[in-house]
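Chemist: sequence first, predicted model second:
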Amino acid sequence: MAKNATYKGYSKLAEKIARNTHFTCEEVDALLALHAPRMDGNRFRDIMHGVFGMNDDNLMESVYQVFDMDQDGTVGPEEWCLGLSIMLRGTLSEKIEYCFSVYDNNGDGSIARDEAFHFLKTSVVNLPPGEELEEVVKDLV
């Protein structure tokens, strides 16, 4: 992860997080300012929608589950910064693993047809005349 030249003047939490991310202490401080004391799913969705323009509820829920590394129902400050570090500045390998985790809903190490179907059905924009959404997505999968 990033090796930051200086940590002076920042909180211990920002210093600790910066050492394990691709962010500087200054950037971590800015990210922590976005983070509420308790970031539940609603706050997470609001930020992801407002800052990153994400509007697919299924996708945001899966991203939330990946960010919530300890699966306690909230995204802590360190989880928040670590998740964003990979999402925004991760290596190709880190991003591939991250994306795979988002689409592997049940965490079994593979993306099953039903998991692919779950995400693809929200991506079909224009249905061909006379086609049903379910059938078009099944054909894609």
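Modeler: Nice, thanks for sending it over. Numbering: from 1, shown residues only.

Chemist: where do the helices of the chain begin and end?
Modeler: 12-19, 25-34, 41-52, 57-67, 77-89, 92-103, 113-120, 133-140 (DSSP state H).

Chemist: may I see the ones you listed arranged in TSV, with mean neighbour count as well?
Modeler: For every residue, glycine as well, the C-beta is placed using N, CA and C. Formatted as TSV, the helices of the chain follow (neighbours: other C-beta atoms under 10 Å):
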stretch	mean neighbour count
helix 12-19	18
helix 25-34	17
helix 41-52	15
helix 57-67	18
helix 77-89	20
helix 92-103	14
helix 113-120	14
helix 133-140	12
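
Chemist: can you list the low-confidence ranges for the chain?
Modeler: Along the chain, segments meeting pLDDT under 70 span 1-9, 121-130, 133-141.

Chemist: leaving out the residues flanking it, which one is nearest to the most centrally placed residue in it?
Modeler: The residue lying closest to the centre of the chain (C-alpha atoms, centre = their mean) is V63, at 3.7 Å. Ranked by C-beta to C-beta, 6 or more residues apart in numbering and with sequence neighbours excluded, the top spatial neighbour of V63 is V102, at 5.6 Å.
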